[in-house]
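Asks: Got a predicted structure plus its sequence, pasted below:
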Amino acid sequence: MPYDYVMGEDESAGSGFPLGRWLADQRRYYNAGTLEASRVAQLEALGMVWSHHDIAWEEGLTVARA
């Protein structure tokens, strides 16, 4: 998800939740070791991707194997 993604954005009103920025903040807290375990578990249950580099590696490896 892009950093500047806004969920439920209404262009005329400029409202919405900055989901991309929020997710980036959660990754930063996770990497710093300051994100509570219960929150980590909740995000992982949603399929949270903690590292874009790891996902890109796995995708590349899958294609290379094919």
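Replies: Arrived safely.
Asks: Give me the nearest residue to residue 30, chain neighbours excluded.
Replies: residue 50 (5.8 Å; C-beta to C-beta, 6 or more residues apart in numbering). Every C-beta, even on glycine, is put in place using the N, C-alpha and C of the backbone.
Asks: how would you label that neighbour: helix, strand or coil?
Replies: Recorded secondary structure, residue 50: coil (DSSP: H, G, I helix; E, B strand; the rest coil).
Asks: What backbone torsions are found at it?
Replies: The phi/psi pair for residue 50 (degrees, to the nearest 10) reads phi -80, psi -30.
Asks: so where's this structure uncertain?
Replies: Across the chain, the ranges flagged by pLDDT under 70 are 9-14.
Asks: Just want the most central residue of it.
Replies: Centroid check for the chain by C-alpha atoms, centre = their mean gives residue 23 as the closest residue, at 4.4 Å.
Asks: What residues does it make contact with?
Replies: Counting by C-beta atoms under 8 Å, 6 or more residues apart in numbering, residue 23 touches 1, 48.
Asks: Where does it fall, secondary structure wise?
Replies: Using DSSP states H and E, residue 23 maps to helix 19-32.
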